[in-house]
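>>> Give the three-dimensional model of this entry:
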Amino acid sequence: MARSFAGDPKQVRELIKAALSHRGIAVLDIISPCVTFNNEDATTHSYAWGKEHETALHDLAFVPPAEEIVVDYEDGTFKEVTLHDGSSVLLKKLERNHDPTDRTEAFRVLEEGNRQCCLVTGLIYITQDIPTLIDQYDLPEEPLNRMPEFRIRPGRDTIDKLNAMMF
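Have a look, this model is predicted:
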């Protein structure tokens, strides 16, 4: 499990690389200024403001231009980031010596961030001692959706055995 801010591309890049190289499920939360994130009635990015100022657009892909928010700050420090609508978010980058394999410490760090009203960023937690689903179920290298039906569907004798076990 990891979290970063879209405006910290160096950290995002490293966390994406770590997620892609991890064998198993990787959860990467990337905080990004957007309609959902800034959904307070007073902001210009809220659902309520949008409904009040709704204008039909022909080009549905239109996104108003805005300057990219980029941050760079040291490990273990805080950074207040002002978003496009004037609101702000307080980020805290994990200390360099944080051990992401310590589950208890990961929860402690998240709780501390919650008490400090900030979002902790970095590789928060990782475990490598849990086998992947591929390993647990001894799945083949070839993706199941690429296999012909006769290789996936159990034979009649297998179905009969399963039915006999259940009924």
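
>>> Report how many residues lie close to Gln116.
Using other C-beta atoms under 10 Å, Gln116 has 12 other residues around it. Every C-beta, even on glycine, is put in place using the N, C-alpha and C of the backbone.

>>> contacting residues around it?
Leu90, Lys92 (C-beta atoms under 8 Å, 6 or more residues apart in numbering).

>>> Ok, the one 10 residues further on next?
Taking C-beta under 8 Å, 6+ apart as the criterion, Ile126 is in contact with Met1, Ala2, Ala18, His22, Pro100, Thr101.

>>> likewise Ala106?
Met1, Pro100, Ile124, Tyr125.

>>> related to what we said a few turns ago, what's the closest of the contacts of Ile126 to Asn114?
Among those, Met1 lies closest to Asn114 (C-beta to C-beta), at 15.0 Å.

>>> Could you double-check that that closest one lies in contact with Ile124?
Yes. Counting by C-beta atoms under 8 Å, Met1 touches Ile124, with 5.2 Å between them.

>>> Mind checking which of those two has more residues around it?
Using other C-beta under 10 Å, the more surrounded residue of Met1 and Ile124 is Ile124, with 21 against 17.

>>> just checking, that one touches Asp99?
No. In this structure Ile124 lies outside contact range of Asp99 using C-beta under 8 Å: 10.7 Å.

>>> Sketch out the low-pLDDT regions of this protein for me.
33-64 (pLDDT under 70).

>>> Domain map for it?
2-123, 133-166 (automatic domain parsing).

>>> Need the winner for burial among the ones you listed.
domain 2-123 (a mean of 14; mean count of other C-beta atoms under 10 Å).

>>> gap between the two ends of it?
4 Å (C-alpha to C-alpha, to the nearest Å).

>>> Cys117 - nearest residue in space that isn't next to it in sequence?
Leu90 (6.3 Å; C-beta to C-beta, 6 or more residues apart in numbering).

>>> which residues sit in contact with Arg153?
No contacts exist for Arg153 under C-beta under 8 Å, 6+ apart.

>>> distance of it from Leu20?
Distance check for Arg153 against Leu20: by C-beta to C-beta, to the nearest Å, it reads 33 Å.

>>> what does Val70 give?
Going from Val70 to Leu20 by C-beta to C-beta gives 23 Å.

>>> Strands along the chain, start to end?
Using DSSP state E, the strands found in the chain span residues 2-5, 28-31, 78-82, 88-93, 119-123.

>>> I'd like the ones you listed as JSON lines, with distance to Glu14 appended.
Conversion of the strands of the chain to JSON lines gives the following (distance: least, C-beta to C-beta, whole Å):
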{"stretch": "strand 2-5", "distance to Glu14": "9"}
{"stretch": "strand 28-31", "distance to Glu14": "11"}
{"stretch": "strand 78-82", "distance to Glu14": "17"}
{"stretch": "strand 88-93", "distance to Glu14": "12"}
{"stretch": "strand 119-123", "distance to Glu14": "8"}
